[in-house]
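A.B. asks: A predicted structure for the sequence below; I have some questions about it.
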Amino acid sequence: MAEVAMSRRERLRVETTREIKVIALRLLAQGGPDAIALRAIAREMGMTAGAVYGYFATRDDLISTLISDVYTALVDRVEAARDAIPADDPGARIVAWGEAVREWAVQYPAEFRLVYGDPVPGYRPPPGGPAAEAELRACTGLVGLAAAAWSRRPARAEDSTFEWSDFADALATHVRSDFPGLPPAGLALALRMWGRMHGLIALEVYGHLGPQSTDPAKLFRAEMLDLIRELGL
């Protein structure tokens, strides 16, 4: 079926919406979450505040859209990195996922901080969160990596200590549905993997590794290789 061409009015709305978001992200990078203000964006675009409110009714609507866009772009990137590796090499897929997250975070530190770090003062997210679909994809991807590694991982005594009640009901229900053969310790593994990835990335993005390491990428890769060795991969 042939695509229906957008009208001039629709094209203008799409372009203006895109420009608002680009300026908002630049303001975020320059001044942090507090710098995102519809009136400031309107001034920069030569629009009235009322005109900008025609695109985003509130600042919270704009921030929710930014978080959703940013999170979706991140998940697209890490899924592509993972899928570039054969499924029968779970260790390499874990490393690819982790390094893709780090490379994105270093390239877009303000966006990383928007999603994973600095709270936006006064921001009230919508019910279910601003990026529920992307968050679900990220969660499913990480648990999938853990599940693929689980059958090759050496058994450990602490595995038997985990129960489904150790996790949020919604998360446990989702994992049990999508990965029926994975025990509670497998979900714990996924969260611990994420902790090892996120920890070094956050230290780097927030400037805490700079004084100590001249090659954070090498440090991160060593951590990922150590992780997969511990998993027997």
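C.D. replies: Good, I have the coordinates.
A.B. asks: Let me know the distance separating residue 72 from residue 81.
C.D. replies: Note on residue 72: its distance to residue 81, by Cβ to Cβ, to the nearest Å, is 15 Å. Bear in mind the C-beta positions are built from the backbone N, C-alpha and C, glycine included.
A.B. asks: ok, the two, which is more surrounded?
C.D. replies: When residue 72 and residue 81 are compared for neighbours, residue 81 comes out ahead with 19 against 16, by other Cβ atoms under 10 Å.
A.B. asks: Now do the domain split for the chain, please.
C.D. replies: Domain ranges of the chain: 1-57, 59-230, per automatic domain parsing.
A.B. asks: Please, which helix or strand holds the residue sitting nearest the centre point of the chain?
C.D. replies: Centroid-nearest residue in the chain: residue 71, 4.6 Å away (criterion: Cα atoms, centre = their mean). Taking DSSP states H and E as the definition, residue 71 sits inside helix 59-83.
A.B. asks: Now that helix: buried residues?
C.D. replies: Applying a neighbour-count criterion of 16 or more other Cβ atoms under 10 Å, one finds 59-60, 62-72, 74-75, 77-79, 81-82 buried in helix 59-83.
A.B. asks: Would you mind checking the average pLDDT for it?
C.D. replies: If you average the pLDDT over helix 59-83, you get 96.
A.B. asks: Okay, angle between the helix or strand following that helix and helix 59-83 too, please.
C.D. replies: Following helix 59-83 in sequence order, the next helix or strand is helix 90-107 (DSSP H and E). Following axes from the mean of the first three to the mean of the last three Cα atoms, to 10 degrees, one obtains 140 degrees for the angle between helix 90-107 and helix 59-83.
A.B. asks: buried sites along helix 90-107?
C.D. replies: Buried, per 16+ other Cβ under 10 Å, within helix 90-107: 90-105.
A.B. asks: just stretch 145-157 next, same as before
C.D. replies: For stretch 145-157, a neighbour-count test (16+ other Cβ under 10 Å) marks 145, 146, 147, 148, 149, 150, 153 as buried.
A.B. asks: how far does it stretch from start to finish?
C.D. replies: 21 Å (Cα to Cα, to the nearest Å).
A.B. asks: Over it, what's the mean pLDDT, rounded is fine.
C.D. replies: Taken as a whole, stretch 145-157 carries a mean pLDDT of 88.
A.B. asks: mind checking which helix or strand residue 223 is in?
C.D. replies: Using DSSP H and E, residue 223 falls within helix 216-230.
A.B. asks: other SSEs contacting that helix?
C.D. replies: When contacts are defined as 3 or more Cβ pairs under 8 Å, 6 or more residues apart in numbering; DSSP states H and E, helix 216-230 sits against helix 90-107, helix 184-205.
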